[in-house]
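1. Sequence and predicted structure, then a few things I'm wondering about:
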Amino acid sequence: MESSPARINASGNPKSRIVSLRLVARLSVQYSFSMGQHATVMKVPLLDLQSEYAELRDEILPALDRICKTAAFVQGPEVEAFEREFADFCGIKHCVALSSGTAALHLALLALGVQPGDDVITTPNSFLATAEAITYCGARPVFVDIDPATANLDPRLIERCITPRTRAILPVHLYGRPADMDPIREIAARRHLRILEDAAQAHAARYRAQRVGSLGLAAAFSFYPTKNLGAYGEGGALTTNDDAIAKFARAARSHGQTARYEHEFPGYNYRMQGFQGAVLRIKLRRLHAWTEKRREIAKEYRSLLEGARLEMPQDDPRDECVYHQFVIYVNNRNSVITQLAARGIDTAVHYPKPIHLQCAYSSLGYPAGTFPNTERACERVLSLPIFPTMTAEQANYVANAVLEVVGKK
Ligand SMILES: Cc1ncc(COP(=O)(O)O)c(C=O)c1O
């Protein structure tokens, strides 16, 4: 959709009139640099759920209408069908649909036997929910620094943190890049620890040809709307090959019920809504193609940014990263953000502050400097736009703008 030119100042703010919010993806406008030159600006959002909806609308609306007509608002046939389809997709026996990824982490930890007084080893370079789920069980998150090459938990640092209180290891496949599971599994087997994968950002990713979600005893997925497989509201799932874990999660998500009004234990209200099951089924059918698109854009970014003055996490060629985020590491991040914004490019920071330095976890007593690789990553990380409906033109534009802003090595 084209529009008449608007003047935008160097900080990206409209100078003379308000730019319509609808101008998200393919808007080209003229703007002026402070030095007076003119350049073409392409608006590139971080992700574009509106254009995705435009493609899906004709399938989504009748599916939602079916839910309303059958009043299957909570769980119901669409959710059950999604559970079967997502389990098949992951190549795993059970998928238990839940109300969020956080709920999935919580129930999975409970199912693994995590209880008050236990320690769970995890990464401080994640969204807070990873640690919160441990706290919900009355256990303590024990952080281990990341490998700066991958931004994921460094397996070489795990063993020194294991104590008699350690019950489980919780690696996160951050940005859609699988954590290095072989050494983690080796340590867990030798030290009798359980593994829960936080796969909230990694739908369809593969570690050594095996899909994430089946690399530990259980895994937690999030279907938050911005995720690679996103619902139209909150959603999550626990996956496992273990019958007892699945049985526990099915009861726990619905007040501990094993049959209607038969409550075996006090559980939770962690059920998935019918609408979300219907939407997720429609989107799951596109996930392969969407993932390929993300990987193509990432490949393009990587080759165009090769000589730029920045770093990127490494991909292991044996794995398949699904690029929930495409991150770079830059110096002077705020200035880079401002200059990209002036060129019409949205960016984000995942995450600006590691979990151990959050007020919420100050009582754990990890001072600044405890996890230098994580802290340095949080100071420099920057997420660039990446989404399945992104055009090659947009990816080129973003990469060239980044090159222009950060310079060459
Ligand atoms: C790594 C990670 N873990 C857990 C979660 C929690 O998922 P949800 O928001 O669905 O509760 C998220 C969501 O942002 C996440 O990114």
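-> Thanks, I have the structure now.
2. residues touching whatever residue of the chain ends up closest to the ligand, list them.
-> Residue of the chain nearest the ligand, by CB to the nearest ligand atom: Gly101 (2.6 Å). In this view, the C-beta of every residue, glycine as well, is placed from N, C-alpha and C. Contacts for Gly101 (CB atoms under 8 Å, 6 or more residues apart in numbering) come out as Ala129, Asp198, Ala200, Ala220, Phe221, Ser222, Phe223, Tyr224, Gly236.
3. Which of these fall in helices?
-> Mapping the contacts of Gly101 onto helices (DSSP state H) picks out Ala129.
4. Return a ChimeraX selection command for the buried portion of the contacts of Gly101.
-> This is the ChimeraX syntax for the buried subset of the contacts of Gly101, where burial follows 16 or more other CB atoms under 10 Å:
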select :129,198,200,220,221,222,223,224,236
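5. Tabulate the contacts of Gly101 in TSV, adding columns for pLDDT and distance to Ile355.
-> Below are the contacts of Gly101 laid out as TSV (pLDDT from 0 to 100; distance: CB to CB, whole Å):
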residue	pLDDT	distance to Ile355
Ala129	98	10
Asp198	98	12
Ala200	98	14
Ala220	99	16
Phe221	99	20
Ser222	99	16
Phe223	98	22
Tyr224	98	18
Gly236	98	19
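6. Identify, from the contacts of Gly101, the entry nearest to Glu159.
-> Of all the contacts of Gly101, Asp198 has the smallest distance to Glu159: 20.3 Å, by CB to CB.
7. For Arg285, see how far away that closest one is.
-> According to CB to CB, to the nearest Å, Asp198 and Arg285 sit 25 Å apart.
8. what's the answer for Leu157, then?
-> Where Arg285 is concerned, Leu157 sits at a distance of 40 Å (CB to CB).
9. With neighbour numbers in mind, choose between the two.
-> Shown here are Leu157 and Arg285; by other CB atoms under 10 Å, Leu157 has more neighbours (16 against 12).
10. Contacts only, for the nearest residue to the more buried one once chain neighbours are set aside.
-> Distances taken as CB to CB, 6 or more residues apart in numbering put Val144 closest to Leu157, at 4.8 Å, once the chain neighbours are dropped. By CB under 8 Å, 6+ apart, the contact list for Val144 reads Ile121, Thr122, Thr123, Leu153, Asp154, Leu157, Ile158, Cys161, Phe371.
11. Could you give the number of residues near the third one?
-> By other CB under 10 Å, 28 other residues sit near Thr123.
12. ok, it - contacts?
-> Thr123 neighbours (CB under 8 Å, 6+ apart): Thr130, Phe143, Val144, Ile146, Asn152, Leu153, Pro171, Val172, Leu174, Thr374.
13. try 6 Å
-> Ile146, Leu153, Val172 (CB atoms under 6 Å, 6 or more residues apart in numbering).
14. so can I have a markdown table of those showing distance to Pro116, secondary structure and pLDDT?
-> A markdown table is the format used below for those (distance: CB to CB, whole Å; DSSP: H, G, I helix; E, B strand; the rest coil; pLDDT from 0 to 100):
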| residue | distance to Pro116 | secondary structure | pLDDT |
| --- | --- | --- | --- |
| Ile146 | 28 | strand | 98 |
| Leu153 | 24 | strand | 98 |
| Val172 | 23 | strand | 98 |
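15. And the strands in the stretch 1-150 of the chain?
-> Here the stretch 1-150 of the chain has its strands, by DSSP state E, counting those that start in this stretch, at 28-32, 38-42, 94-98, 119-122, 140-143.
16. and the ones you listed, which one is worst for confidence?
-> Set side by side, the strands of the stretch 1-150 of the chain give their lowest mean pLDDT on strand 28-32, at a mean of 39.
17. Pairing partners for the nearest residue to Ala131 once chain neighbours are set aside in the sheet, please.
-> The shortest distance from Ala131 to any non-neighbouring residue, by CB to CB, 6+ apart, is to Pro141 (4.3 Å). For Pro141, the beta-bridge partners are Val120 (DSSP bridges).
18. quick one on the thing from earlier: could the contacts of Thr123 be laid out in TSV, adding distance to the ligand?
-> What follows is the contacts of Thr123, written out as TSV (distance: CB to the nearest ligand atom, whole Å):
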residue	distance to the ligand
Ile146	13
Leu153	12
Val172	5
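19. just those now: which is nearest Tyr136?
-> Out of the contacts of Thr123, the member with the shortest distance to Tyr136 (by CB to CB) is Val172, at 16.6 Å.
20. Just grab the bridge partners of the spatially closest residue to that closest one that is not a sequence neighbour for me.
-> Spatial nearest neighbour of Val172, chain neighbours left out: Asp198 (4.0 Å); criterion: CB to CB, 6+ apart. Following DSSP bridges, Asp198 is listed with bridge partners Val172, Ala220.
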